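A.B. asks: Build me a model from this:
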Amino acid sequence: MFRDNTREVKIGDRVIGGGNPILIQSMTNTFTEDVDATVKQIKELEAAGCDIIRCAVPTMEAAEAIAEIKKQINIPLVADIHFDYKLAIAAMENGADKIRINPGNIGSIENVKAVVDVAKEKNIPIRVGVNSGSLEKPILEKYGKVTAEGIVESALDKVKIIEDLGYNNLVISIKSSDVLMCLKAHELIAEKTDHPLHVGITESGTVTSGNIKSGIGLGLILHEGIGDTIRVSLTGDPIEEIKSAKLILKTLGLREGGISVVSCPTCGRTQIDIISLANEVESVVNKYDHLNIKVAVMGCVVNGPGEAKEADIGIAGGKGEGLLIKKGEIIGKVPEDQLVSALEDELKNWA
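C.D. replies: A predicted model of the protein is given here:
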């Protein structure tokens with residue numbers, strides 16, 4: 001299995017690669033220079049289940065802000081740098097646990113060497129990132145267009161630059177918004193390198209379309225044993241990225257823990273507001289990530305009680321009320337407006 005054969009890389013106090021659990025990443029959308037706003041968002045993401053956070057570093061002020069941000073957070077921080085090698089050096093000097101660069105856009109080999117020398121001194125891993133939208137002209141001319149082969153060749157060329165400078169503490173990221181191209185590129189690169197891979201479908205879209213593309217793309221890639229960290233890239237609240245990533249990993253059997261919610265589709269038999277009820281339950285259960293149970297939210301008396309009994313705990317709706325069912329037994333009949341609070345009371349005292 002590819003994941004078992006990748007090198008281990010330490011990012012802060014976390015370890016990826018070598019068969020270690022797949023970690024979830026996200027990226028702040030605050031201005032990194034705004035320490036308070038950035039710390040607030042990172043803490044919210046951490047509470048939601050984010051394992052590693054990435055922050056944009058477009059200015060020297062942002063690079064210097066990392067020192068103060070690091071004092072207030074508990075998860076590793078990756079500094080995202082483009083164009084200016086001095087920002088990469090400053091980010092590392094201010095405590096970044098990892099840097100993300102594309103050696104092709106930070107200038108001369110001397111600039112790359114200056115970054116690598118500091119990373120080597122501090123033993124800070126470098127994530128080499130290549131996106132399908134930023135392939136260099138010779139690669140495009142060679143293949144005639146953007147291809148999976150071209151993405152892989154570009155990435156491995158950048159990796160070789162750093163390896164030739166005597167450093168191999170690396171993570172590779174190759175991304176495309178084309179799901180099948182992204183899959184093929186990961187299949188190709190997994191055969192050619194043992195560096196850990198950060199996986200994602202870039203520019204995947206809004207919460208709706210992005211979740212579908214990421215679910216399919218990440219599901220296919222991870223199911224083949226490829227990938228050591230993941231990010232679900234969404235045009236929306238970064239918290240949604242974490243929720244989706246956790247669900248993808250759980251669905252594939254790659255992460256345990258947390259409550260799984262199953263709910264029925266609506267139909268003409270439904271006599272309860274199942275849509276609002278299911279959404280409210282899904283929001284509530286996020287606070288009980290330590291529980292590894294299934295919660296069912298069912299909308300009618302035909303299939304509801306039976307389906308709810310298959311879960312650890314469930315709600316089966318009727319007209320203005322619902323049954324609360326725990327471990328296969330009906331434990332109460334509750335008015336519709338009290339169903340969620342009754343369910344949460346059970347979760348608080350779950351045994």
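A.B. asks: ends of stretch 24-33, how far apart?
C.D. replies: 24 Å (C-alpha to C-alpha, to the nearest Å).
A.B. asks: buried set for that stretch?
C.D. replies: Residues 24-28, 30-33 are the ones in stretch 24-33 that count as buried (16 or more other C-beta atoms under 10 Å). C-beta coordinates here come from the backbone N, C-alpha and C atoms, glycine included.
A.B. asks: Dump these into TSV; add distance to Gly133 and secondary structure as well.
C.D. replies: Below are the buried residues of stretch 24-33 laid out as TSV (distance: C-beta to C-beta, whole Å; DSSP: H, G, I helix; E, B strand; the rest coil):
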residue	distance to Gly133	secondary structure
Ile24	24	strand
Gln25	20	strand
Ser26	21	strand
Met27	17	strand
Thr28	22	coil
Thr30	24	coil
Phe31	24	coil
Thr32	23	coil
Glu33	26	coil
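A.B. asks: closest to Glu240 among these?
C.D. replies: Ser26 (9.4 Å; C-beta to C-beta).
A.B. asks: Show me what the closest one bridges to in the sheet.
C.D. replies: Beta-bridge pairing for Ser26 (DSSP bridges): Ile53.
A.B. asks: That one contacts Ile53, correct?
C.D. replies: Yes: assessed by C-beta atoms under 8 Å, Ser26 is found in contact with Ile53 at 6.3 Å.
A.B. asks: How much space separates the closest residue to Val207 other than its chain neighbours from Lys243?
C.D. replies: Nearest non-adjacent residue to Val207, counting by C-beta to C-beta, 6 or more residues apart in numbering: Gly236, 4.4 Å away. Per C-beta to C-beta, to the nearest Å, Gly236 is found 11 Å from Lys243.
A.B. asks: Neighbour count: these two, which is higher?
C.D. replies: Lys243 (20 against 15; other C-beta atoms under 10 Å).
A.B. asks: Show the model's pLDDT score for the residue nearest to that one when sequence neighbours are not counted.
C.D. replies: Once flanking residues are discounted, Lys243 sits nearest to Ala48: 6.8 Å by C-beta to C-beta, 6+ apart. Listed pLDDT for Ala48 reads 88.
A.B. asks: what sits in contact with each of Ser26 and Ile53?
C.D. replies: Counting by C-beta atoms under 8 Å, 6 or more residues apart in numbering, the common neighbours of Ser26 and Ile53 are Leu45.
A.B. asks: distance between stretch 15-29 and the chain's centre?
C.D. replies: 7 Å (C-alpha atoms, centre = their mean, to the nearest Å).
A.B. asks: Can you get me a residue count around the closest residue to Asn292 other than its chain neighbours?
C.D. replies: Distances taken as C-beta to C-beta, 6+ apart put Gly257 closest to Asn292, at 5.1 Å, once the chain neighbours are dropped. Close neighbours of Gly257, defined as other C-beta under 10 Å, add up to 12.
A.B. asks: distance of Gly257 from Glu240?
C.D. replies: Taken as C-beta to C-beta, the span from Gly257 to Glu240 is 19 Å.
A.B. asks: repeat for Glu346
C.D. replies: 27 Å.
A.B. asks: now Ser276
C.D. replies: Applying C-beta to C-beta, the value for Ser276 to Glu240 is 19 Å.
A.B. asks: between those two, which one's more packed in?
C.D. replies: Set Ser276 next to Glu240 and count neighbours by other C-beta under 10 Å: Glu240 wins out with 18 against 11.
A.B. asks: Please, which helix or strand holds the more buried one?
C.D. replies: helix 238-251 (DSSP states H and E).
A.B. asks: which other residues reach the next helix or strand after that helix?
C.D. replies: Next helix or strand after helix 238-251 toward the C-terminus (DSSP H and E): strand 260-263. Residues from elsewhere that reach strand 260-263 (C-beta under 8 Å, 6+ apart): 250, 274, 278, 281-282, 285, 293-299, 307, 311.
A.B. asks: Then stretch 77-88?
C.D. replies: Defining contact as C-beta under 8 Å, 6+ apart, one finds that stretch 77-88 is touched by 11-12, 25, 27, 42, 52-60, 62-63, 66, 69-70, 91-92, 95-102, 105-107, 111-112, 114-115, 118, 127.
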